[in-house]
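K.L.:
Quick one, fold the following:
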Amino acid sequence: MSKKSPAVVSTPRLETIFPVLTAAQLARIAPHGRSRQVSRGEVLVESGEHTAHLFVVIAGEIEVVRTSGAAEDLVRASESGEVLDVDREHLMGLIQADSELSDILMRAFILRRVEIIAHGFGDVVLIGSNHCAGTLRIKDFLTRNGHPYSSVDLDRDDGVQDLLDHFKVSLSDVPVVICRGEVVLRNPSNEQIADCLGFNDAIDETQVRDVVVVGAGPAGLAAAVYAASEGLDVLVLESNSPGGQAGSSSKIENYLGFPTGISGQELAARAYTQAEKFGAQLMIAKTGVHLACDRTPYSVEIDDGARLPARTIIIATGAEYRRLSLESRRQFEGAGVYYGATFIEAQLCAGEEVIVVGGGNSAGQAAVFLAQTAKRVYMLVRSNGLAESMSRYLIRRIEQNPTIDLRRNTEIIALEGSNHLARVRWRDNRTGSSEAHDIRHMFVMTGAVPTTAWLEGCVALDAKGFIKTGPDLSADDLAAAHWPLARAPHLLETSLPGVFAVGDVRGGNIKRVASAVGEGSIAVAFVHQVLHE
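P.N.:
Residues are numbered from 1 along each chain as shown. You can find the predicted model right below:
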């Protein structure tokens with residue numbers, strides 16, 4: 001492989017990023033690729049090309065040339081020689097079949113991506129303001145999908161007007177995404193960005209899958225990993241970014257095997273990579289809007305009108321935090337009111353006072369995380385304490401942290417500001433007294449509303465809208481659903497045969513990452529049984 005790198009890294013890390021393969025390893029790769037001679041200066045990968053191949057250097061040298069600040073790096077031969085050209089399909093087969101090479105290649109790919117992100121290299125430039133909800137949305141989308149980008153802050157960076165003039169955009173167009181150095185997207189949706197970057201180009205939407213997993217949170221990703229590793233044809237549909245609600249968690253410390261904790265984003269990224277390694281495909285920024293359940297194979301209709309057929313379906317769409325009942329919160333969402341506390345949001349409120357609303361583990365993790373950089377964290381809970389809803393280790397940290405001010409029996413009653421949140425008023429429900437604070441950032445993590453509206457009566461729901469499964473389905477539920485089989489529904493099966501529900505969207509779920517992962521893996525065992533019926 002090439003000995004040159006666009007980033008400056010230590011020698012041991014460089015040897016891992018660009019490993020030198022043995023003769024035996026090269027011999028095992030050879031059947032998966034095509035040997036070709038290359039001449040000096042020959043371009044192997046054009047800037048902007050969506051699907052690049054793996055090039056294994058047999059003789060000579062290749063280099064990555066950064067052609068401009070906005071364009072993708074160009075791979076070309078710096079010396080005449082020979083390479084093995086391995087396309088994506090054969091590369092996936094190699095990774096799945098050869099354990100040693102899988103470890104070498106996966107480690108190299110992961111570390112390369114880390115270096116690219118760390119140094120701001122990439123094929124995307126984001127122009128916007130940190131006070132703009134659209135800019136934060138796009139930053140979150142690109143970051144959580146692990147796509148490298150550079151950003152230009154309208155409020156701070158010099159030369160912004162020259163850049164706007166060059167691409168013929170105005171301030172009214174922001175946020176602007178310059179995709180692959182040439183395509184200009186004005187205030188784009190996440191779906192438009194995904195389409196421009198080719199996230200879903202390799203996916204055949206007409207193919208009947210063994211299983212379609214709807215939702216790429218911990219439960220959905222676990223289902224994808226286990227199903228794909230066991231030889232099933234898997235497609236995962238994700239409306240935004242992998243990780244779900246857990247993906248926005250700053251640090252998960254009670255997940256088995258990570259004694260020092262792991263961020264939700266890092267856990268999701270590892271699971272995403274693992275699922276792809278085993279051959280699962282993930283469709284990003286596509287939302288399921290309807291389940292066609294009147295005939296088999298079932299199909300999931302997505303927001304662009306396409307239908308994804310499947311022999312079985314695992315619903316892992318999770319739940320969303322409840323919105324405040326205040327109508328004014330709509331104008332501040334993404335502009336002072338947030339539903340996740342990641343590094344992106346923490347940067348915005350460093351040195352300022354912030355509010356965290358909620359008494360569960362997610363709220364506790366957010367309060368502890370934000371307290372590292374914020375001037376003060378007001379933690380507001382409507383109940384009389386945290387013991388019934390939060391892990392003890394988090395309660396202790398909150399109680400012992402002088403930066404966190406816990407306010408019990410307290411709720412938000414007013415939000416004020418123009419284009420951005422500027423002032424918050426809350427009330428102590430025990431005394432009836434209220435107070436106002438000039439606070440610009442508030443994190444809301446209260447309750448959970450299941451994402452089930454798109455199912456439109458295909459499966460039985462409980463009184464709160466969560467999906468009923470297995471033994472929770474009553475005889476009346478099954479009669480109303482016209483359950484057609486002699487057997488009872490499997491443990492995680494819904495009132496529709498072959499359709500399963502896992503994670504936070506399922507009635508009676510245990511709101512822990514570990515239980516969601518467990519449910520995702522267990523569902524796959526029942527999928528096999530259904531496929532063999």
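K.L.:
I'd like to know how far the residue in the chain sticking out farthest from the centre sits from Val177.
P.N.:
Relative to the average C-alpha location in the chain, and by C-alpha atoms, centre = their mean, no residue lies farther out than Thr431, which sits at 42.2 Å. The spacing between Thr431 and Val177, counted by C-beta to C-beta, to the nearest Å, is 49 Å. From N, CA and C alone the C-beta is placed, and that goes for glycine too.
K.L.:
ditto for Glu266
P.N.:
Shown here: Glu266 relative to Val177, a distance of 25 Å by C-beta to C-beta.
K.L.:
More neighbours: these two, which one.
P.N.:
Using other C-beta atoms under 10 Å as the criterion, Glu266 and Val177 rank with Val177 on top: 25 against 16.
K.L.:
Which helix or strand contains that one?
P.N.:
When secondary structure is defined by DSSP states H and E, Val177 falls within strand 176-179.
K.L.:
ditto for Val300
P.N.:
In this structure, Val300 is located in strand 298-302 according to DSSP H and E.
K.L.:
same for the strand holding Val177, what does it pack against?
P.N.:
For strand 176-179, the contact count by 3 or more C-beta pairs under 8 Å, 6 or more residues apart in numbering; DSSP states H and E identifies strand 124-128, strand 183-186, helix 190-197 as packing neighbours.
K.L.:
So which elements touch the helix or strand just after the first one?
P.N.:
From strand 124-128 onward toward the C-terminus, using DSSP H and E, the following helix or strand is helix 133-144. Helix 133-144 is packed against strand 124-128, helix 190-197, helix 264-277, helix 343-348, with contacts defined by 3+ C-beta pairs under 8 Å, 6+ apart.
K.L.:
Tell me what angle helix 133-144 forms with strand 124-128.
P.N.:
150 degrees (axes from the mean of the first three to the mean of the last three C-alpha atoms, to 10 degrees).
K.L.:
With just CA atoms, put helix 133-144 into PDB.
P.N.:
In PDB, the C-alpha atoms belonging to helix 133-144 read as follows (Å, rounded to 0.1, in the frame of the first residue of the first chain):
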ATOM      1  CA  ALA A 133     -30.400  25.500  13.700                       C
ATOM      2  CA  GLY A 134     -29.800  24.300  10.200                       C
ATOM      3  CA  THR A 135     -26.000  24.500  10.600                       C
ATOM      4  CA  LEU A 136     -26.100  22.500  13.800                       C
ATOM      5  CA  ARG A 137     -28.400  19.900  12.200                       C
ATOM      6  CA  ILE A 138     -26.000  19.400   9.300                       C
ATOM      7  CA  LYS A 139     -22.900  19.300  11.600                       C
ATOM      8  CA  ASP A 140     -24.700  16.600  13.700                       C
ATOM      9  CA  PHE A 141     -25.700  14.600  10.600                       C
ATOM     10  CA  LEU A 142     -22.200  14.600   9.100                       C
ATOM     11  CA  THR A 143     -20.400  14.000  12.500                       C
ATOM     12  CA  ARG A 144     -22.700  11.100  13.600                       C
END
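K.L.:
Show me which parts of the helix or strand following that helix are buried, residue by residue.
P.N.:
Taking DSSP H and E as the definition, the helix or strand that follows helix 133-144 towards the C-terminus is strand 150-153. Of the residues in strand 150-153, those with enough neighbours to count as buried (16 or more other C-beta atoms under 10 Å) are Ser150, Ser151, Val152.
K.L.:
The last one touches Leu126, doesn't it?
P.N.:
Yes - Val152 is in contact with Leu126 according to C-beta atoms under 8 Å; the separation is 7.1 Å.
K.L.:
Please report how far Glu353 lies from Ile404.
P.N.:
Counting by C-beta to C-beta, the gap from Glu353 to Ile404 is 11 Å.
K.L.:
Report the mean confidence score over stretch 118-132.
P.N.:
Confidence over stretch 118-132 (mean pLDDT, whole number) is 86.
K.L.:
again, but for stretch 510-524
P.N.:
Per-residue pLDDT values over stretch 510-524 give a mean of 95.
K.L.:
Would you mind pulling the contact partners of it?
P.N.:
211, 217-227, 230, 232, 246, 252, 254-256, 267, 314, 316, 360-361, 448, 491-492, 500, 502-504, 506, 509 (C-beta atoms under 8 Å, 6 or more residues apart in numbering).
K.L.:
tell me which residues in that stretch are buried?
P.N.:
Neighbour counts over stretch 510-524 (16+ other C-beta under 10 Å) mark 511-513, 515-524 as buried.
K.L.:
ok, now stretch 203-218?
P.N.:
Ile203, Arg209, Asp210, Val211, Val212, Val213, Val214, Gly215, Ala216, Gly217, Pro218.
K.L.:
Could you spell out the sheet neighbours of the helix or strand the third one falls within, each with its direction?
P.N.:
Counting by DSSP H and E, the element that carries Asp210 is strand 209-214. Here strand 209-214 has these sheet partners by DSSP bridges: strand 234-238 (parallel), strand 307-315 (parallel).
K.L.:
CA-only coordinates of the helix or strand following it, as CSV, when you get a sec.
P.N.:
As assigned by DSSP H and E, the chain's next helix or strand after strand 209-214 is helix 218-229. In CSV, the C-alpha atoms belonging to helix 218-229 read as follows (Å, rounded to 0.1, in the frame of the first residue of the first chain):
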residue,chain,number,x,y,z
PRO,A,218,-28.4,0.0,19.5
ALA,A,219,-31.3,-2.6,19.0
GLY,A,220,-31.4,-2.2,15.2
LEU,A,221,-27.6,-2.3,14.8
ALA,A,222,-27.4,-5.4,17.0
ALA,A,223,-30.0,-7.1,14.9
ALA,A,224,-28.1,-6.2,11.7
VAL,A,225,-24.8,-7.5,13.1
TYR,A,226,-26.2,-10.8,14.2
ALA,A,227,-28.4,-11.3,11.2
ALA,A,228,-25.7,-10.5,8.7
SER,A,229,-23.0,-12.6,10.5
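K.L.:
Going by contacts, tell me the helices and strands next to helix 218-229.
P.N.:
Using 3+ C-beta pairs under 8 Å, 6+ apart, helix 218-229 is in contact with strand 209-214, strand 234-238, helix 264-277, helix 513-531.
K.L.:
Serialize the ones you listed to CSV and add fields for distance to Ser189.
P.N.:
CSV is the format used below for these (distance: least, C-beta to C-beta, whole Å):
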stretch, distance to Ser189
strand 209-214, 19
strand 234-238, 15
helix 264-277, 21
helix 513-531, 28
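K.L.:
closest to Asp304 out of these?
P.N.:
Between Asp304 and the helices and strands packed on helix 218-229, the shortest separation by C-beta to C-beta is 11.8 Å, and it involves strand 234-238.
K.L.:
mind showing which ranges of this structure have poor pLDDT?
P.N.:
Counting by pLDDT under 70, the chain has low-confidence residues at 1-12, 47-51, 66-74.
K.L.:
Among the buried residues of strand 150-153, which one lies nearest to Pro471?
P.N.:
Ranked by distance to Pro471 (C-beta to C-beta), the buried residues of strand 150-153 are led by Ser151 at 50.3 Å.
K.L.:
could you pull out the strands for the stretch 351-500 of the chain?
P.N.:
Secondary structure of the stretch 351-500 of the chain by DSSP state E, counting those that start in this stretch: the strands cover 353-357, 376-380, 404-407, 410-417, 421-428, 434-437, 441-444, 449-450, 499-501.
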